[in-house]
Structures are given as structure tokens and as C-alpha cells.
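In: turn this into a structure:
(chains A and B)
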Amino acid sequence: MRSNRRRHANVLPIASLATWIIVAAFACCAGLYYVYCKHQLLERGNQIHGLERELAELKNLNECAKTRIDMLSSPAALRQRRTQDLAKYVEITQDKLVLLTEKPADGSELRTVANIKQ
Amino acid sequence: MIASAKTRALVGCCVLATGFTGFSFRLVDLQVTRHEEYAAMAAESHGLRQTIFARRGAIYDIHNQPLAANEPVRTIAADASKIGDKAELARFLAKPLEMTEAALVEKLSRERWSEKEQKMVPARYIVLKKGVPEPVADDLIQRIAEIDRKKDQKDPAKAKPGQATPAPTASVVQEASGYYTIEEAKTLAKAGVRAIMLEQDSNRVYPNKNMLSHVVGFVDAENKGVDGVEKTMDDFLKGHDGLRFSERDRTGKELVPFRSQERPARDGANVRLTIDLSLQDIVETELAAAVKQYRPKMAIGIMMRPQTGEILAMANRPDFDPNDVDASPLAARRNRAITDMVEPGSTFKITVVSGALQQHLVHPDTMIPTENGYFTYMGRVLRDTHPFPELSVHDIIVHSSNIGAAKLGIQLGDQRLYEWVRKFGFGDRTGVQLPGEINGLVHPVYHWDKLTITRIPMGQSVCVTPLQVVTAMSAIANGGSLMMPQIVHDVTDCEGHTVTAFPPVEVRRVISPEVAAEVRQALQDVMSKKGTGKDIHVPGFLVAGKTGTAQKAGENGIGYEKGKYIVSFVGFMPVDNPQFVCLVMLDDCQVEANKNYGGTIAGPIFAKIAERAARHLGLEPSQELLQEQSKAAADSERAND
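Out: Next comes the predicted model:
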């Protein structure tokens, strides 16, 4: 009888408890996973933002470099460098110049050259 | 009396029901009744509307040499509502922005009126400096990032006595270096460095500075075209800004996952001009040398391809630097090639001669009495510089006879002369894609006095733009077609696809190819020994052209200024297949009166330009002509000795 009472008094509803624990654990995991996903989403967003900024900066730097090259290689800049003796013209002397004869009437591309000084 | 459990439960339920009913009402009030108001507040608080700025298109020459480009810069702004210590922040910004601390403090102290609070509050957007170069902005960004990093760190120098100081790790050593100490970083963070905003912007730059400045034009502070091609092609160049709706967190940082609607920016198209920068350089250099030598009030050089009307070069003096527009006077910014009208002088004789030939009133050999250089008409005397008893129509051009041209005008008659002037495009805008072009001035016949018919044929009583003269000469060079001058070749998008092309446009056929050939022959003989352009030679090439020496009209428009002339030369080369027509015009050269002629000043400038242009264009000089010219030069030298 005693053992029988022990069997029927203060009995833990293991199955029900386990079910609820599993449900609670599942809910917790789902919640945590949701938070994790949300965090990842924001993190990726920040990364995208960072990459976009880097890309924009690179584009800007590229554009800056291009503009600088344009400024330095313009005829006005080259002329200024020449006046400052940082660049100079090298004269092509007459002995290095040749003149092409006129195109032959037969359509041939072969043309003779002559140096007018020699 | 102790309430029963049932009563207690009932009371509890009633309280709860009342509470929840209240909540429900509040919910309806918030979500339905005042939805709009709260939605707007939420949008203002968390919504983010970003403008994605479009890049302005570039301008190139025909060989894709850049004429106008964009340089990325930053606009430095501040939100005064987030500033703690203005003086400290001003000290932080003064050096990189190259501004005084006082000026910065003054800017940072700006306030605005708040309708909500009904008082003056710190302004939330204050522009501190525009056009800050990218390297300076980068440096500023790094400084702010360092302050952000260091502001939450503990200062090892302030460790309590007796407290064990940890060994410095690599990261600590790295943090210790840099622009600021931890203490300074904390002070600056409190001052409000986060209130500084660095916004993307761009500066329009013109790499060629003064060269081609009148054609390319310039933009205003808002990057809107104000003059030149920048203005006429502004719709293509400006592009369309994009838009992005997103959300932001409490610190104002964008929450990228919450981006919603987005419309990407459409960059402006690139405009390619017909200008050849090398030819432009040649014209500019020769014009600059002429300006230095003759000190004229203005000088103009235009080069055009006669077959298509494409403008290869267009230069003006005085000029200006579009990178610094405010430094130049307003008069220097005028493109005088299209906005100024002048009496053309003898270059205009081509109009009346072409008209008379086309009308079959005369042929090139028809002799016209030129009265030994003294012709009285309606009581007024007309003179020729070189007197002849009679001249052929061909020689009227060669000797630039005023009397001969006047007599051809009389033969044509008022109405027909007027029609021929208009047929050559004078009195109408040419339609070139540049702003501010004027019509010129060709009075209708009913406004003419009795002398006008003799004045117009020699280029007086009529006002034209230099571009109109080049266009008219191009019609003779190309065989009789009046072409519309073009400065824009095509418009391409940023991927290189053609958006719009501008093919050559023939306005009308003015004269027949036969008549054009006859006039060309006369123009070629202008360069002969007997012609007014005898000093104009380009080694190895046959040149055709017309000199012009016009008296300068008086300031008030009445009479002429004594001893002041507008000298010009308009010619083309090679004669048999013209590759370019070039006009050189100088106003009021500071030289002796006997040298102030188109043939002695403008002509030789043309010759120098033409010689260099021929080399650039790869035109082959004629060997026979070279030999003939060198022989003639040797003979002339021997004769002089």
C-alpha cells in the first residue's frame, strides 16, 4: 500500500514537462536564431555600407587621378613646363626628314622617299 | 463583509475589461485616428531619403582629349545641434580647412527659427567649406575615425597608483600612435566631431585653362552650364540624380537592410566636339604671338572644315580661365566670333562677285571700268588703293577693287544684291551650337540710302559676325553649298553608346560648282605677285583667300575712327581639295598706318597657321610647287640685293 501511495503521490509529469521543456527550448532557440539572423542582417548591411563607401572612395580617387593626369598632360601644362625648362622640344633636323613621292597612278602602295637636303 | 470569491473575480474582470477597453481606445487613437501624424513623425525620425548624385558628363575634343572634367571634392558641413564646444571644434577644423578659428566659430554659431519650439535653435546644416580636395577630406575622415576609436579607451597614464599596469600589447602601441592622445580624443569627441559631415561634391575643371575657354564655357556653383557648350548642351551633360529611401538608427546611421525604393542616378552624357585640340593649339599660339606683336584690342581665329561645316578651332583674345571665371572681366568672356559684329571690309567682295557671276551678268573676263581709282557716285567719291582704268571681274577680287565691286553691285541692283547677301547667310544666325550668337546687321532695301548699293559690295554698311564670314568662304571652298557650322560632333553615354549625333547640315546651295571654281581661281590669284596677298605663302601648297581692311566704325555708330582698322584674312588650303577654311581677324593693331592691312598683318598669321595645320593634318606638299617657290624666293632675294 505504501509503495502504492508513493507511486500515486507527487508524481512528476515527466512526459508533459519534457514536452514543455522542448517547446520552451525550441521557442528559445527560435528566438535566439531570430536575433542572430537579425544581427547578421544588420552586420551584412554594415558591410555593404562599408564596401559601398570604399567603392565610392576608390572611384573618387580614380577620378581625382584622372583629372590630375588631364591637368598635367594638357597643352597648357606642357607649355608651362617647357617655359620652366622642365621639358624641351627636340628639333627634327632637315637631314632626318624625308618626303614621300606622290602615289603612283597604278594604285601601288609602294612609294619612294627622298631627303631634300641630301 | 467579506466579498465572495465570485465577486472578487467579477471586480477583477471588470477592472481588466475597463483597462483593456482603455488600451483599445488608445490603440485605435494611435493607429487609426492619429495615424498620419505619427507615421510622419516616424518617417522623420527614422526615414532616410538619400540623393544619389549624378556625375556631370565630360567634354572632349574630336580625338577624345578632355576639355572639361570633374574633380571629386567634399563639402564640409556641420550640425550645430550636436556641437559641444565650438571653440575646440573650430581649432580642430581650422588647419585642414585653411580657415581662421574665428570664422569657423562664427559659422558654427549660426541659428535657425524653430516653429515647434518657437525659438532660435542651433542650425542643423551649416556649410563650412565647399570644394575641399579629396586628400584633405580623407585626412579629416581618418582623424574623426581615430577620435571615435580612442574616445572610449582608458588612458593608461591615468591608472591609479599601486594598480598593476598591463604590458602594452601591439594594439595599444598602435592606438598610442596617431594624431591624438586618448585624452585629446575624448576632448574632441565631447566637442562634437561627430557633428561634422563630409558630403560628396564635384568641381568642374578645365585642363586646358584659357585655351578654348569661349567655346567650352563654364558652370556656376550648382554645376549648371552658364556659357559655351556647357550651356547649350547642359541637358545632355547634367544627368539625373538618383534617389534612395531607407531607414536610420538612433545615431543617424543608415540601416542598409531596410532600404526600400531606389532609383539609380543617371550620369550625364559626354559631349564630343568637332574641335581638334592640336589645331586649336596652333591657332591659339599664333594668335597669342600676334597679340604680343601687334597689341590689338581683340583677335579672332576660326578654322572650319568647308565640306561639313565642322569647326576645327575657334580662338578669341582677350580670353579667360574658366577655372577661375571671377578673375576675368566680363568683356573677356565674350565669344567675339559669334557675339560681335563688324564691318567685314574687302572679304565681303566674294559675295557680290559670286552673285554677279551666278546671275550671268558677267563672266570672269568681263572688263569693268574702274575709273583710275576715282569714282564719283551720287555726289560721293569712291577710291581704290591701286588705281586701274579697268579690271576684269577676276582682277576685281585679285586687286580688291572697291570701285569694281561697287559697279558689280550697281549691276545687280538693290534687291538682288540684298538677296545675294542673305543667300550667303549674312543677317541670319548660323545655328552653331553656342549661346549668344547674333544675326549681324543687313538692312532691308527700304532702309538703304542712295550710297548703300556701292558700300555693301566693299563690306561697309553691313555688319557680320566672324563666323558668318568663315561660313560664306566655306561655301566657295566646297563648291557652292552653305553649310551650317557645327561645334558638337556627337553625344555619348558613359558606356560609349551614341545618344545623339550631329551630321553635317547643308543650309542651301548658294552658287553652282562652276561659279565656285571661278571665284576660287580668283581667290588663288590674290596670293600672286599682283594680288593683295602677295606676302602670303605656304611652302608646297596653293592657297586661296581674301584680304580685308575695314575702317573701324565710330563708338557712337556714326562715321569711322581715323587710323583704326579691323584687318582680316580668310582663306583655305589646298585649293583643289580644301581641308580647312581659316579666318584671322585683328581689331585696331598698334602698327604704323602703312602696315595696317589684312594682307600684311592677318595674312602672314594665316600662313603660319596653315603651314603648321598642314603638317598636323598630314597634307602632302607639292614637290613642284616647293621647287617653284624656293626658286621664286631666291630670285626675289637676288633682286633685292
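In: nearest residue to the residue of chain A found nearest chain B in space, please, no chain neighbours.
Out: The minimum distance from chain A to chain B, using Cβ to the nearest Cβ, falls at A:Gly45 (3.1 Å). C-beta coordinates here come from the backbone N, C-alpha and C atoms, glycine included. Distance criterion Cβ to Cβ, 6 or more residues apart in numbering or on different chains; nearest residue to A:Gly45, sequence neighbours excluded, is B:Val256 at 3.1 Å.
In: just to check, that neighbour is in contact with A:Asn46?
Out: Yes. B:Val256 is within contact range of A:Asn46, at 6.9 Å (criterion: Cβ atoms under 8 Å).
In: for B:Met527, give its distance to B:Lys116.
Out: 81 Å (Cβ to Cβ, to the nearest Å).
In: ugh, wrong one, B:Asp493
Out: 46 Å.
In: which one of those two is surrounded by more residues?
Out: Taking other Cβ atoms under 10 Å in any protein chain shown, B:Asp493 and B:Lys116 do not tie; B:Asp493 has more neighbours (16 against 6).
In: look up how far B:Val219 lies from that one.
Out: From B:Asp493 over to B:Val219 (counting by Cβ to Cβ), the distance is 20 Å.
In: pLDDT score assigned to A:Asn4?
Out: A:Asn4 carries a pLDDT value of 63.
In: give me the number of residues near residue 43?
Out: Here I'm looking at chain A. 12.
In: my bad, the chain I had in mind was chain B
Out: B:Ala43: 13 neighbours (other Cβ under 10 Å).
In: that one falls within a helix, correct?
Out: Yes. Counting by DSSP: H, G, I helix; E, B strand; the rest coil, B:Ala43 is found in a helix.
In: residue contacts, B:Gly554?
Out: Listed by Cβ atoms under 8 Å, 6 or more residues apart in numbering or on different chains, the contact partners of B:Gly554 are B:560-561.
In: got the phi/psi numbers for it?
Out: phi -60, psi 160 (degrees, to the nearest 10).
In: B:Ala68 too?
Out: Backbone torsions of B:Ala68, given as degrees, to the nearest 10, read phi -150, psi 130.
In: now it: how far from chain A?
Out: According to Cβ to the nearest Cβ, to the nearest Å, B:Ala68 and chain A sit 10 Å apart.
In: what's the neighbour count on the residue nearest to that residue when sequence neighbours are not counted?
Out: Spatial nearest neighbour of B:Ala68, excluding adjacent residues (Cβ to Cβ, 6+ apart): B:Ile59 at 4.0 Å. By other Cβ under 10 Å, the residues close to B:Ile59 number 26.
In: B:Leu391: what secondary structure?
Out: Here B:Leu391 is strand, with the state taken from three-state DSSP.
In: burial check on whichever residue of the stretch 1-150 of chain B sits closest to chain A, number of neighbours?
Out: With Cβ to the nearest Cβ, the shortest gap between the stretch 1-150 of chain B and chain A falls at B:Pro72, namely 4.0 Å. Neighbour count for B:Pro72, taken as other Cβ under 10 Å: 21.
In: hang on, it is in a strand, isn't it?
Out: Yes. B:Pro72: assigned to a strand according to three-state DSSP.
In: distance of the residue nearest to it when sequence neighbours are not counted from A:Ser73?
Out: Closest residue in space to B:Pro72, ignoring its immediate chain neighbours: A:Asn60 at 4.0 Å, by Cβ to Cβ, 6+ apart. According to Cβ to Cβ, A:Asn60 and A:Ser73 sit 20 Å apart.
In: more neighbours, the two?
Out: A:Asn60 (19 against 12).
In: and the one helix or strand that one maps to, how far out from the chain's middle?
Out: A:Asn60 belongs to helix A:14-73 when assigned by DSSP states H and E. On the basis of Cα atoms, centre = their mean, to the nearest Å, helix A:14-73 is displaced by 18 Å from the centre of the chain it belongs to.
In: show the average pLDDT along it.
Out: 91.
In: repeat that for stretch B:308-317.
Out: Stretch B:308-317 comes out at a mean pLDDT of 94.
In: ok, it near chain A or not?
Out: No. Figure legend: stretch B:308-317 not in contact with chain A (Cβ under 8 Å from any Cβ of the partner chain); closest approach 12.3 Å.
In: mind saving the C-alpha coords of that stretch as CSV?
Out: What follows is stretch B:308-317 as a C-alpha-only set of coordinates in CSV (Å, rounded to 0.1, in the frame of the first residue of the first chain):
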residue,chain,number,x,y,z
THR,B,308,30.9,69.6,-93.4
GLY,B,309,30.9,72.9,-91.6
GLU,B,310,32.7,71.4,-88.6
ILE,B,311,34.6,74.0,-86.6
LEU,B,312,38.1,72.7,-86.1
ALA,B,313,39.4,75.6,-84.0
MET,B,314,38.0,78.8,-82.5
ALA,B,315,40.1,81.2,-80.6
ASN,B,316,39.5,84.7,-79.1
ARG,B,317,41.6,87.3,-77.5
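In: show residues contacting that stretch.
Out: Here stretch B:308-317 has contacts from B:211-212, B:214-215, B:274-276, B:279-280, B:282-284, B:287-288, B:291, B:296, B:298-305, B:334-337, B:432, B:471, B:474, B:483-487, B:489, B:504-505, B:580, using Cβ under 8 Å, 6+ apart.
In: these two touch, right, the residue nearest to B:Pro72 and B:Val73?
Out: No. Using Cβ under 8 Å as the test, A:Asn60 is too far from B:Val73 to be in contact (9.0 Å).
In: mutual contacts of the two, please.
Out: With Cβ under 8 Å, 6+ apart as the test, A:Asn60 and B:Val73 both reach B:Glu134.
In: got the residues of chain A near chain B?
Out: A:41-42, A:44-46, A:48-49, A:56-57, A:59-61, A:63-64, A:66-67, A:70-71, A:73-77, A:99-102, A:116.
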